[in-house]
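Engineer: no sequence for this one, just the structure:
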Ligand SMILES: Nc1ncnc2c1ncn2[C@@H]1O[C@H](COP(=O)(O)OP(=O)(O)OP(=O)(O)O)[C@@H](O)[C@H]1O
Ligand SMILES: [Mg+2]
């Protein structure tokens, strides 16, 4: 059978963007108050030995060649209220095109908060963010929603499928928002569900599917608009170890064969070891960045 996965795209190298121009408040990359330059992450989220690509100028800030380039991200909830809480304290997070990165760390440390900001679902209180060289915070909410739906696919622990729609409609939905006509979106949804081994379940509603099947539908949905980046927040967290293994293998396939960049939040240290870089977040700060073993865990992980 012909593989539905296409050939891997070229991937850019990681770079240390610390030599890039200073970020200023009037820069389109910048969001929030003047950056607090006094607060630096403990460890840069980039390997020290990473090569330096040629840099061009985009929007007044040098284009690092990275897919994700976030600087000094601060997130404070309930600003000015007694319940005010800062959960991210100046995080620098970067990822190359086609990179598979995991984010680990204790509960409440700010992983999902950071993921929501990477995914443009939420804006930080302070900080700068360039996605694929484009200044994210120069966009209006409406522009950002359209940009997000073309560039980022989300996968959650609890699948977040729409219960009253079958698998096909769930997967076709993001294409509807992207203006793809019905025939085309249903054909692509069917192809994607086939890729996920769900070709015989396309007219099942989520309540007629197992957890692993639901997650495969959710992954197909995340791929609908062929995004460069997949964001997965504990995608194996609600699955038994055997099913979690199958889902992890799908992520490897999407990374290896489609060249997708993946940011993968997990509480499973063995699964994190399978990715290309582990970023540990503790109390809203990057505590450590490690190169994993790359070894794949067994089903018992
Ligand atoms: N909308 C919100 N309003 C106020 N506080 C919030 C909000 N969302 C998250 N928080 C708080 O921010 C902190 C970080 O939460 P977050 O969900 O990012 O942690 P996490 O690292 O993903 O944890 P877990 O591993 O349990 O999923 C927590 O203290 C949480 O209570
Ligand atoms: Mg979380």
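Structural biologist: Noted; the coordinates are in hand. As the structure is a computational prediction, the values presented were derived from the model and not from experiment. Ligands and ions are numbered 1, 2, ... in the order given.

Engineer: contacts and neighbour counts: CA atoms only from here.
Structural biologist: Noted.

Engineer: element containing residue 130, please.
Structural biologist: Secondary structure assignment for residue 130, by DSSP states H and E: strand 126-131.

Engineer: Nearest the middle, which residue of this protein would you pick?
Structural biologist: Centroid-nearest residue in the chain: residue 231, 2.6 Å away (criterion: C-alpha atoms, centre = their mean).

Engineer: ok, now which ones touch that residue?
Structural biologist: 115, 119, 152, 153, 154, 155, 262, 263, 264 (C-alpha atoms under 8 Å, 6 or more residues apart in numbering).

Engineer: Make TSV from those and add secondary structure and distance to ligand 1 to it.
Structural biologist: Shown next, in TSV, are those (DSSP: H, G, I helix; E, B strand; the rest coil; distance: C-alpha to the nearest ligand atom, whole Å):
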residue	secondary structure	distance to ligand 1
115	helix	8
119	coil	13
152	strand	19
153	strand	18
154	strand	15
155	strand	14
262	strand	17
263	strand	13
264	strand	12
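
Engineer: who does the strand holding residue 130 pair up with?
Structural biologist: In its sheet, strand 126-131 lies beside strand 30-32 (antiparallel), strand 68-77 (antiparallel), strand 134-135 (antiparallel), with partners assigned from DSSP bridges.

Engineer: could the ones you listed be laid out in a markdown table, adding distance to residue 208, mean neighbour count and mean pLDDT?
Structural biologist: Listed next are the strands paired with strand 126-131 as a markdown table, based on distance: least, C-alpha to C-alpha, whole Å; neighbours: other C-alpha atoms under 10 Å; pLDDT from 0 to 100:
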| stretch | distance to residue 208 | mean neighbour count | mean pLDDT |
| --- | --- | --- | --- |
| strand 30-32 | 44 | 22 | 43 |
| strand 68-77 | 37 | 22 | 98 |
| strand 134-135 | 41 | 20 | 96 |
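
Engineer: Could you say which one of these comes nearest to ligand 1?
Structural biologist: Closest approach to ligand 1 among those is made by strand 68-77 (5.0 Å; C-alpha to the nearest ligand atom).

Engineer: what's downstream of that closest one, the next helix or strand?
Structural biologist: Strand 68-77 is succeeded, C-terminally, by strand 85-95 (DSSP H and E).

Engineer: how far is that next one from where the chain is centred?
Structural biologist: Offset of strand 85-95 from its chain centre (C-alpha atoms, centre = their mean, to the nearest Å): 15 Å.

Engineer: With stretch 234-252 instead?
Structural biologist: The answer for stretch 234-252 is 16 Å, by C-alpha atoms, centre = their mean.

Engineer: Between the strands paired with strand 126-131, which one is closest to residue 297.
Structural biologist: When those are compared by C-alpha to C-alpha, strand 68-77 sits nearest residue 297, at 27.5 Å.
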